[in-house]
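Here is a sequence with its predicted model. Questions after.
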Amino acid sequence: MMGDWIGRVLSRLGAPGAEDRDADEPDVADQMEAAYDAAEMGDHATAVALWRPLAEDGVARAQANLGACYAEGLGVERDPTQAANWLERAAEAGDPLGQRNLAALHFKGEGVAQDDAAALDLYRAAAEQGDGPAQDMLSWMLLEGQGSVAADPVAARRWALEAAAQGVASAMTRLGLIAHNALGMERDPVEAARWWSEAARRGEPDGQAMLGAALHMGQGVEQDSRAAYVWLLRADAGGGALAAPFLGPVRSLLSEEDAEKAEAIAARPLPAAEEPAA
């Protein structure tokens with residue numbers, strides 16, 4: 001397997017032993033793909049070595065990727081200042097990944113001044129280019145009124161829907177909360193439970209916890225204590241703090257046999273999730 005991986009990279013880079021190429025040097029797309037292959041194999045040092053010359057030549061996505069590596073300490077020593085330097089270049093060039101990751105630095109105050117308003121603007125710029133995680137963060141900031149703006153649940157729901165359409169599970173959980181709490185819309189327990197189900201099947205712990213609570217109370221779905229226990233156990237195992245208040249009360253409603261069956265189901269891997277609901 002490792003030999004096949006090395007061969008693919010050598011082929012894309014035009015190294016000795018590779019297939020002949022029309023040009024003497026590999027093109028940017030080939031170098032980028034080789035770097036992505038290296039990163040996927042966990043070899044971030046090689047990915048950084050491939051991205052760095054491209055970043056220095058002004059390739060915005062390479063700048064964004066190099067900045068992300070500095071931000072996370074992947075293949076290089078973690079350095080928020082260097083991360084900000086490369087991400088700012090990528091963001092200025094209009095790269096949505098660079099904009100989103102620079103927004104995260106501003107939000108946390110790492111390598112740049114902590115600035116929610118700057119983070120909001122950058123998340124919005126990336127979101128408008130279709131970046132799902134940026135749409136998700138923009139939705140959260142708008143719902144919470146972060147970034148020197150008043151809370152706007154209608155806009156928050158719109159961006160959460162955009163992110164959910166791209167499979168972002170945390171956005172689905174938020175859509176459920178928006179529907180459940182009547183934020184910018186009429187209260188709709190059925191829609192809330194539907195979105196929590198979508199998030200839960202994708203492994204999102206808060207969505208699993210909220211679905212478990214809905215099943216426990218019969219809100220938006222038919223009451224089912226055993227199914228509730230299954231989802232609450234999965235949420236708890238995934239680190240979801242929202243499950244804890246419900247676990248004891250739901251467990252007390254089950255027979256020993258039903259509890260054991262639920263625990264066995266909860267321990268199984270989740271099946272692959274289908275496309276998000278419309």
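Sure thing, it's come through. Numbering: from 1, shown residues only.

And the pLDDT for the residue nearest to Asp258 when sequence neighbours are not counted?
Closest residue to Asp258 apart from its sequence neighbours, by C-beta to C-beta, 6 or more residues apart in numbering: Arg226 at 5.1 Å. (Each C-beta comes from the backbone N, C-alpha and C, glycine too.) The per-residue pLDDT reported for Arg226 equals 98.

List the buried residues of whichever strand or helix holds Arg226.
Under the criterion of DSSP states H and E, Arg226 resides in helix 225-237. Neighbour counts using 16 or more other C-beta atoms under 10 Å place 225-236 of helix 225-237 among the buried residues.

now swap in stretch 124-143 and tell me
124-127, 131-143.

What residue spans form the domains of the chain?
Residue ranges for each domain of the chain read 1-93, 100-108+115-166, 172-273, as given by automatic domain parsing.

hang on, isn't the residue nearest to Asp258 packed against Ser255?
No - counting by C-beta atoms under 8 Å, Arg226 sits too far from Ser255 to count as a contact (9.4 Å).

most tightly surrounded among the domains of the chain?
Across the domains of the chain, the average number of neighbours (mean count of other C-beta atoms under 10 Å) peaks for domain 100-108+115-166, which reaches a mean of 21.

What's the mean pLDDT across it?
97.

how far is that domain from where the chain is centred?
Its chain's C-alpha centre lies 13 Å from the corresponding centre of domain 100-108+115-166 when counted by C-alpha atoms, centre = their mean, to the nearest Å.

again, but for stretch 77-84
The offset between the C-alpha centroid of stretch 77-84 and the centroid of the whole chain comes to 21 Å, using C-alpha atoms, centre = their mean.

Quick check: the gap between Leu233 and Ser252.
14 Å (C-beta to C-beta, to the nearest Å).

make that Ala264, sorry
Distance of Ala264 to Ser252, computed by C-beta to C-beta: 19 Å.

And for Pro133?
In terms of C-beta to C-beta, Pro133 sits 39 Å off from Ser252.

just to revisit the earlier point, which residues does the residue nearest to Asp258 contact?
Residues in contact with Arg226 (C-beta atoms under 8 Å, 6 or more residues apart in numbering) are 254, 258, 261-262.

Among those residues, which ones are in helices?
The helices in this structure, assigned by DSSP state H, contain 258, 261-262 from the contacts of Arg226.

helix or strand for Leu122, which one?
For Leu122, the enclosing helix or strand under DSSP H and E is helix 116-128.

Any chance you could list what contacts the next helix or strand after that helix?
If you walk from helix 116-128 toward the C-terminus, the next helix or strand you reach (DSSP H and E) is helix 132-144. Applying C-beta under 8 Å, 6+ apart, the set of residues contacting helix 132-144 from outside is 96, 99-100, 103-104, 107, 116, 119-120, 123-124, 126-127, 146-147, 149, 151-153, 155-160, 162-163, 166-168, 170-171, 174, 178, 183.
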